[in-house]
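[1] heads up, no residue letters with this:
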C-alpha cells in the first residue's frame, strides 16, 4: 500500500523520482541502499531528509531522462512562498492590472524599435535592444509578483 504524502512535499518529490527512474536506479545514482531512499520518501520517517547533493544528482538524472527537475521545482516553490510572505500578497486580479502597464511598455518599445521610420528601420539597434530589455525586466518583476500572489493563495504549500 502506498503511503499518503503531502502534495508538493519533499517526500512526494522523492516518490515521484523513484516512480520515474525506478528504485534500483535511484539507489545506484546516489550510492545509497534502497531502504535509505525509501525513508527519504516516507513522511513518517525521522530520517526522511534527502541530502542536497543527492537531490541534485537525481534532478540531473531526471533532466537527462527528458523530465523536469523536481527538486529544483520543489525548492523554487519554497523560495517563492517565502517571497510571497515577504512582499505582502495582493489579489491576483489587482496584480494582473498592475502587470499590464509594464507589458504595454514592452509593446511600445518593440513597436518603436521595429518601426520602418526608426533609427535603422525594422532592425533593432543596441540602444533599442537595451530599452526593450529594460522594459522586459520591469514586466518580469511584475509577473514574478503575480506568481508569488498566486502561490500565496495555494492551500497546503510547504512552509
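    Here it is on my side, so go on. Being a predicted model, the structure only gives us computed values, none of them experimental. Residues are numbered from 1 along each chain as shown.

[2] contacts and neighbour counts: CA atoms only from here.
    Will do.

[3] what about this structure, any weak spots by pLDDT?
    1-3, 5-7, 84-87, 156-159 (pLDDT under 70).

[4] care to break it down by domain?
    Domain assignment for the chain by automatic domain parsing gives 10-76, 89-152.

[5] quick one: terminal-to-terminal distance for the shortest one?
    Looking back up the chat, that one is domain 89-152. 7 Å (C-alpha to C-alpha, to the nearest Å).

[6] can you list the domains of the chain in CSV and add distance to residue 4 and mean neighbour count?
    Shown next, in CSV, are those (distance: least, C-alpha to C-alpha, whole Å; neighbours: other C-alpha atoms under 10 Å):
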stretch, distance to residue 4, mean neighbour count
domain 10-76, 8, 16
domain 89-152, 22, 17
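
[7] closest to residue 82 out of those?
    With C-alpha to C-alpha as the criterion, residue 82 lies closest to domain 89-152 of these, at 8.8 Å.

[8] and the closest one, how far out from the chain's middle?
    Domain 89-152 sits 21 Å away from the centroid of its parent chain (C-alpha atoms, centre = their mean, to the nearest Å).

[9] go on, stretch 28-36?
    For stretch 28-36, the distance to the chain centre is 27 Å (C-alpha atoms, centre = their mean).

[10] what does stretch 4-22 give?
    That offset, for stretch 4-22, works out to 17 Å (C-alpha atoms, centre = their mean).

[11] so which helix or strand takes in residue 66?
    Using DSSP states H and E, residue 66 is not contained in any helix or strand.
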